[in-house]
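Enquirer: please work out how this folds:
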Amino acid sequence: MNEKEPTDKKIRLYRIQNPNIKAEPNGTTSHQDLIGQWFTTDLENVTNYLRKSTQTFGPDAGPVEGAELIVVEVPESELANLHVSKDPTASNMDVEGDNYIIKPESEFPRATIQLDEHIGDLAGKLGNFNNLMEAKIRVAALVQELGEQALSQSVN
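Expert: Next comes the predicted model:
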């Protein structure tokens, strides 16, 4: 198969977020117009955001409920057009090469998996390497469980 001819194969992209944690965009690695739109094809990479999505930092640091894994399915033929380098704002920012921008109004199938019941016992404790590894294993198992199942609006 020619690399320049993508198939209609579906590629899954991932995002971990917590709507209960608000962070002000800094314009370098985040931007007001792109909040909630950063995704990656790399599950290992996205699970690095588990700690930031399950707790606050600073003097009043503590666990915060509400972490979610968002899974979006994109046709392989459309993936390149979603790359950060194609977005007029993100292309001028400090970004990772495996980042994609998925607009909220896009019609790609998506699933939202609430993580509290799966990793809630580790919330606020993910600074510990072993706890973070355990949380990553649990999230990977959730994605594997999702398997080839068609994506809908939410999965528990």
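
Enquirer: who's in contact with Pro19?
Expert: 66, 68 (C-beta atoms under 8 Å, 6 or more residues apart in numbering). Heads up, the C-betas are built off the backbone N, CA and C, glycines and all.

Enquirer: tally of neighbours for Val71?
Expert: If you count neighbours by other C-beta atoms under 10 Å, Val71 ends up with 21.

Enquirer: where does it land on pLDDT?
Expert: Listed pLDDT for Val71 reads 93.

Enquirer: before we move on, which element is it in?
Expert: In this structure, Val71 sits in strand 68-75 according to DSSP states H and E.

Enquirer: in that strand, what counts as buried?
Expert: Residues of strand 68-75 classed as buried: 68-72, 74 (neighbour count, 16 or more other C-beta atoms under 10 Å).

Enquirer: any idea where the strands of the chain begin and end?
Expert: 10-17, 38-40, 68-75, 99-101, 110-114 (DSSP state E).

Enquirer: what does the first one rub up against?
Expert: Going back to what we said before, that points to strand 10-17. Residues contacting strand 10-17 (C-beta under 8 Å, 6+ apart): 36, 38-43, 46-47, 49-50, 53, 67-76, 79, 100, 102, 115, 139, 143.

Enquirer: show the buried residues in the residues you listed.
Expert: With burial judged by 16+ other C-beta under 10 Å, the buried subset of the contacts of strand 10-17 is 38-40, 43, 46-47, 49-50, 53, 67-72, 74, 79, 100, 102, 115, 139, 143.
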